[in-house]
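**Student:** 3D, please:
(one chain, ligands or ions: 1)
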Amino acid sequence: MTDIRTLTGAINSLATGFINSQILFAANDANIFTLLESPRTAQDVAGVLCWPPRTTRMLLDGLVALELVEKADGRYCNAEVASVCLVPGKPAYQGNIVRHISNTAPLWSVLGEVLASGVPAKSFGEDRSPDALRSFILGMADIGKMSAREMLEALDLSPYSRMLDVGGGPGTYAITFLQAHPAMRATIFDRPEVLPIAREQVEAAGLAERFTYQPGDLTVDALGDGYDLILVSNIIHSYGPEKNRDLMGRCFRSLVSGGTLIVKDFLTDDDRSGPAFSLLFALRMLVSNGEGDTYSFGEVAEWTQEAGFTSGRLIDLSPQSRLWIAVKP
Ligand SMILES: C[S@@+](CC[C@H](N)C(=O)[O-])C[C@H]1O[C@@H](n2cnc3c(N)ncnc32)[C@H](O)[C@@H]1O
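**Tutor:** Residues are numbered from 1 along each chain as shown. So this is what the prediction gives:
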């Protein structure tokens with residue numbers, strides 16, 4: 001039998017996990033990691049932030065405990081993980097998604113009530129401030145950069161010339177695909193308030209000439225036509241099965257014959273035994289929008305077959321990047 005201290009330790013670390021998150025959120029909000037690219041004393045950091053030296057020292061020591069920061073000779077400096085992932089402007093920056101997760105953290109305080117009633121406290125997103133929307137959309141870019149490159153390596157996208165990115169957000173996938181395939185053009189379909197953020201990202205990548213934008217509601221609007229590639233990335237987990245079924249039908253109608261649909265999501269195994277990330281993400285949807293869930297490969301396959309697609313194939317790149325690929329006959 002496992003040692004009792006190990007077992008109690010495991011429970012204790014689950015129970016206190018939120019403390020680690022809150023320390024990370026506070027440090028990210030205060031932009032501490034930019035300051036700690038070079039070694040500084042707590043006094044020095046307190047001076048820049050206009051914080052009391054005592055609380056600053058406590059936060060910095062907490063970051064040392066979390067191994068985000070190292071301390072030597074009374075000075076604090078970013079550990080590798082913080083330097084690579086938490087300093088704005090770095091290629092692997094994750095600060096926007098950390099801020100988005102921090103914005104959604106209060107929703108978890110009512111998890112017990114939501115579980116018992118089935119009713120979410122509120123639908124997060126409808127009353128989002130411009131800052132919160134920006135953190136959400138740029139957070140999608142933080143996590144999408146790596147997944148988009150993984151997809152590019154796993155798939156041959158050379159046959160495609162006209163791509164639709166449904167609920168494209170910051171357009172990270174379309175941008176990555178077009179950078180690798182000079183003949184490809186893309187349209188980003190999203191809510192009107194999101195498209196200016198997408199446009200910013202596209203322009204920063206120097207691809208303005210090859211992109212168009214379509215504002216709309218992906219749960220009801222026609223998606224356009226003449227596309228030979230449609231990507232539905234991280235959309236279906238926000239909606240119930242009926243809306244997703246309907247979306248697959250509208251994707252089918254928007255594709256030319258021979259065109260390909262890629263559904264990317266945190267898809268579960270058919271028996272919902274994993275991956276852990278997908279099982280936990282279903283609860284994230286429950287507290288924040290109520291309607292969403294994570295779905296199995298089998299469920300997505302059923303929706304695309306009903307829409308008229310030929311039987312598809314699955315590609316498992318990572319728990320965050322599981323693809324269902326179906327072709328229109
Ligand atoms: C989780 S993000 C995914 C963004 C992007 N596809 C990616 O994988 O990085 C969901 C995106 O879908 C958009 N979206 C969600 N529901 C929508 C709706 N009903 N109509 C239009 N866009 C929607 C959101 O605005 C957001 O940009």
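
**Student:** give the buried residues for stretch 167-187.
**Tutor:** Applying a neighbour-count criterion of 16 or more other Cβ atoms under 10 Å, one finds 167-178, 181, 184-187 buried in stretch 167-187. Using the backbone N, CA and C atoms, a C-beta is placed for each residue, glycine as well.

**Student:** same check, this time on stretch 316-329
**Tutor:** Counting neighbours by 16+ other Cβ under 10 Å, stretch 316-329 gives 317, 319-328 as buried.

**Student:** which two in the residues you listed are spaced the farthest apart?
**Tutor:** Between all members of the buried residues of stretch 316-329, the longest pairwise span (Cβ to Cβ) is found for 319 and 328 and amounts to 28.2 Å.

**Student:** whichever strand or helix holds residue 96: what's the following helix or strand?
**Tutor:** Secondary structure from DSSP states H and E places residue 96 in helix 95-104. Downstream of helix 95-104, the next assigned helix or strand under DSSP H and E is helix 111-117.

**Student:** can you list the neighbours in contact with that following helix?
**Tutor:** Helix 111-117 is touched from outside by 120-121, 283, 286-287, 290, with contacts defined as Cβ atoms under 8 Å, 6 or more residues apart in numbering.

**Student:** who are the packing partners of the helix or strand that residue 286 is a member of?
**Tutor:** Under the criterion of DSSP H and E, residue 286 resides in helix 276-288. Helix 276-288 is packed against helix 95-104, helix 111-117, with contacts defined by 3 or more Cβ pairs under 8 Å, 6 or more residues apart in numbering; DSSP states H and E.

**Student:** quick one: it to helix 95-104, angle?
**Tutor:** Helix 276-288 and helix 95-104 are oriented at 50 degrees to each other (axes from the mean of the first three to the mean of the last three Cα atoms, to 10 degrees).

**Student:** following the chain past helix 276-288, name the next helix or strand.
**Tutor:** Past helix 276-288, the next helix or strand by DSSP H and E is helix 297-307.

**Student:** on contacts alone, who are the packing partners of that following helix?
**Tutor:** Contacting helix 297-307 under the criterion 3+ Cβ pairs under 8 Å, 6+ apart are the following elements: helix 241-254, strand 255-265, strand 321-327.

**Student:** which one of the ones you listed lies nearest to the ligand?
**Tutor:** Of all the helices and strands packed on helix 297-307, the one in closest proximity to the ligand, counting by Cβ to the nearest ligand atom, is strand 255-265 (6.8 Å).

**Student:** helix, strand or coil for residue 273?
**Tutor:** Reducing the assignment to helix, strand or coil with DSSP: H, G, I helix; E, B strand; the rest coil, the entry for residue 273 is coil.

**Student:** returning to what we had before: just the CA trace of the helix holding residue 96, in CSV.
**Tutor:** Once non-C-alpha atoms are left out, helix 95-104 reads as follows in CSV (Å, rounded to 0.1, in the frame of the first residue of the first chain):
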residue,chain,number,x,y,z
GLY,A,95,0.5,35.6,-20.3
ASN,A,96,-2.7,36.3,-22.2
ILE,A,97,-4.1,32.8,-21.6
VAL,A,98,-3.0,33.0,-17.9
ARG,A,99,-5.0,36.3,-17.7
HIS,A,100,-8.0,34.8,-19.4
ILE,A,101,-8.0,31.8,-17.0
SER,A,102,-7.6,34.3,-14.1
ASN,A,103,-10.7,36.2,-15.4
THR,A,104,-12.7,32.9,-15.3
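
**Student:** please tell me how far the residue nearest the centre of the chain sits from the ligand.
**Tutor:** Nearest to the centroid of the C-alpha atoms of the chain, with distances taken as Cα atoms, centre = their mean, sits residue 140, at 4.3 Å. When Cβ to the nearest ligand atom, to the nearest Å is the yardstick, residue 140 and the ligand sit 4 Å from each other.
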